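Participant: Give me a 3D structure for the following:
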Amino acid sequence: MFKYCTYILSLMLITSISTGCTSKKPHSKPNILFIIVDDLRPELGCYGVNQVISPEIDKFASESVMFERAYAQIPICMPSRVSLLTGVHPISKSFDADLKRGDKDFPNLETLPEYLKKKGYYTISNGKVFHTKEDSDLKSWSEPAWRPETKPVNNFLDEDSKNKYQRYSSYTYIDKSTQEVKKVEGYRGPFVESPDVPDNAYVDGMILEKSIQDLKKLSQKNAPFFLAVGFNKPHLPFYAPKKYWDMYNPDSIRTADNRYFPINAPEQLKPSEELKNLYHHKNIEYNSDEFHKTALHGYYACISYIDKLVGDLLNEVKELGLEENTIVVLLGDHGFHLGEHNMWGKHNTLNNALITPLMFKIPGTKASKDTKLSGLIDIYPTICNLVGIAVPEHVHGRNLFSELSDNEIPDAVFFLWNGQEAVKTNQYLYSEWKDKEGEIIGQMLFDHFKDPNENNNIAYREEYKTIVERLSNLLKKKKNNLK
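Facilitator: Now for the predicted structure:
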């Protein structure tokens with residue numbers, strides 16, 4: 001911890017001699033710029049994916065502590081954000097995996113921005129930070145959480161295209177309070193779109209503009225700030241301005257080479273149905289070669305679009321002379337399947353649905369790549385430690401920069417999703433499903449040393465019986481410790 005935070009002790013001096021573009025009174029605590037990107041897995045150049053064009057985030061990574069094995073604790077937007085911003089682990093008994101509102105489900109717990117606000121920070125939320133802008137509003141934020149007014153998702157299609165590609169999708173769910181089966185219907189357009197429009201034609205460009213305005217305002221305040229910026233893309237649908245689409249040659253896009261379900265996968269393993277059922281496929285056969293290339297093209301165009309916006313935001317931090325006393329955190333909210341096992345989206349405990357980017361740029365700290373297992377649950381206590389405030393007792397995570405001996409380094413991260421629990425160790429990823437009586441009815445085990453792409457479930461092999469039992473017991477122990 002010490003070597004990562006010594007700069008705080010001299011922060012007032014650094015601030016006073018930094019660029020003279022503002023006349024504000026220096027404050028002793030660092031600012032925090034918190035950038036969260038929806039549905040972004042580590043599909044970036046800095047994580048070794050060469051066919052993705054992400055120069056701005058790659059540059060940022062080269063100046064940051066980049067966590068190469070960071071995981072979301074639940075593979076869906078709403079509860080993942082509640083978990084990381086409240087510090088409550090999803091496998092704890094107090095966590096409802098269907099929750100949508102942190103302020104409703106944890107009314108007595110201080111969220112990260114609420115806690116920072118009470119410690120003197122001016123806190124602002126722009127875009128999708130919590131899943132809804134009403135979540136913890138004015139408890140967590142110094143001003144009302146802001147999102148741009150949105151038009152229909154296919155607002156750039158001409159009328160003929162709207163008629164051609166319209167799709168009335170529906171799905172059913174069980175209302176837990178009444179046990180009634182309810183049906184939801186909604187309009188969704190095509191799954192990809194690339195109109196020739198400026199960046200601010202879409203909401204993410206509007207979020208950038210508002211965040212730049214706020215940075216200018218915050219740079220004049222006599223208090224540290226916590227500015228949370230939530231970008232929507234690359235979340236479905238894959239819509240981005242044409243110039244980002246044109247950055248890619250579709251013929252050179254390499255698709256997944258394991259477009260089949262894992263061998264011996266239990267019947268409980270399900271793919272996400274979001275892309276399959278809720279968007280028009282533009283008359284392209286679902287999961288055909290053309291569909292895989294088109295979907296990947298759209299996802300990559302969205303990444304390049306967000307990459308440019310992130311770069312513009314970071315450039316503004318530099319232009320305002322805020323670099324020397326601003327911690328910047330960049331993360332995704334969970335992983336995303338990109339055609340592996342013919343899956344698109346999240347919604348299971350395979351590795352691609354869980355793993356996500358996580359980077360901290362800390363003034364005075366040398367850039368590095370950190371390979372230890374880590375989780376988004378660790379963000380809350382890490383930020384507390386970096387700014388020199390105590391970690392609240394309810395927080396389940398740990399400080400990612402604490403000095404641990406080899407035998408203290410955590411050897412596992414844990415997950416929850418829709419009736420299944422999972423644990424990732426250095427070598428294995430194990431998942432189990434239980435019935436209402438608590439009996440195990442399905443299991444998955446993958447050896448990431450031998451089978452990193454998770455093509456063969458080995459949970460039912462006799463030679464792995466001891467490992468399965470050990471990991472199942474590890475899950476029980478973790479859950480019992482998080483009451």
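Participant: and the closest residue to T371 other than its chain neighbours, how many residues sit next to it?
Facilitator: Nearest non-adjacent residue to T371, counting by CB to CB, 6 or more residues apart in numbering: E68, 5.2 Å away. Glycine gets a C-beta too; all of them are placed from N, C-alpha and C. As a burial measure, E68 scores 17 neighbours (other CB atoms under 10 Å).
Participant: What of the one 5 residues further on?
Facilitator: For Q73, the count of nearby residues is 28 (other CB under 10 Å).
Participant: Please tell me I have it right and the residue nearest to T371 contacts C46.
Facilitator: No: if you go by CB atoms under 8 Å, E68 and C46 don't touch, sitting 9.6 Å apart.
Participant: quick one on the thing from earlier: state the pLDDT value of the residue nearest to T371.
Facilitator: Note for E68: predicted pLDDT of 97.
Participant: ok, it - contacts?
Facilitator: P42, Y47, K369, D370, T371 (CB atoms under 8 Å, 6 or more residues apart in numbering).
Participant: Pretty sure the last one sits against A70.
Facilitator: No: under the criterion of CB under 8 Å, T371 is not in contact with A70, lying 10.5 Å apart.
Participant: which one of the two has more residues nearby?
Facilitator: More neighbours surround A70 than the other of T371 and A70, with 25 against 11 (other CB under 10 Å).
Participant: helix or strand right after the helix or strand bottoming out on mean pLDDT in the chain?
Facilitator: Here the helix or strand of the chain ranked lowest by mean pLDDT, DSSP states H and E is helix 11-17, holding a mean of 38. Once the chain leaves helix 11-17, the next helix or strand it forms, by DSSP states H and E, is strand 31-37.
Participant: Name every strand pairing with that following strand and say which way it goes.
Facilitator: Applying DSSP bridges to the sheet, strand 31-37 is found paired with strand 225-231 (parallel), strand 326-332 (parallel).
Participant: average pLDDT across the next helix or strand after it?
Facilitator: Per DSSP H and E, strand 31-37 leads on to helix 55-62 as the next helix or strand towards the C-terminus. For helix 55-62, mean pLDDT rounds to 98.
Participant: swap in stretch 458-472?
Facilitator: Stretch 458-472 comes out at a mean pLDDT of 97.
Participant: Then stretch 295-315?
Facilitator: Across stretch 295-315, pLDDT averages out at 98.
Participant: Next: stretch 33-44.
Facilitator: 98.
Participant: Now do it: distance from first to last residue.
Facilitator: The first and final residues of stretch 33-44 sit 20 Å from each other (CA to CA, to the nearest Å).
Participant: Go through the strands paired with strand 31-37 and pick out the most buried.
Facilitator: strand 225-231 (a mean of 25; mean count of other CB atoms under 10 Å).
Participant: quick revisit: columns distance to E285 and mean pLDDT on top of the strands paired with strand 31-37, output as JSON lines?
Facilitator: JSON lines is the format used below for those (distance: least, CB to CB, whole Å; pLDDT from 0 to 100):
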{"stretch": "strand 225-231", "distance to E285": "31", "mean pLDDT": "98"}
{"stretch": "strand 326-332", "distance to E285": "29", "mean pLDDT": "98"}
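Participant: how about those in TSV, adding distance to F414?
Facilitator: TSV is the format used below for these (distance: least, CB to CB, whole Å):
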stretch	distance to F414
strand 225-231	25
strand 326-332	18
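Participant: so which of these gets nearest N277?
Facilitator: N277 lies closest, by CB to CB, to one member of the strands paired with strand 31-37: strand 326-332, at 23.5 Å.
Participant: what's the offset of the closest one from the middle of its chain?
Facilitator: Here the centre of strand 326-332 is set off from its chain's centre by 12 Å, with CA atoms, centre = their mean, to the nearest Å.
Participant: can you check stretch 430-439 too?
Facilitator: The answer for stretch 430-439 is 27 Å, by CA atoms, centre = their mean.
Participant: which residues touch it?
Facilitator: 266, 268, 349, 415, 419-424, 440-445, 459, 467-468, 471-472, 475.
Participant: I'd say F415 and I377 touch.
Facilitator: No: when contacts are counted by CB under 8 Å, F415 is not listed as touching I377 (10.3 Å).
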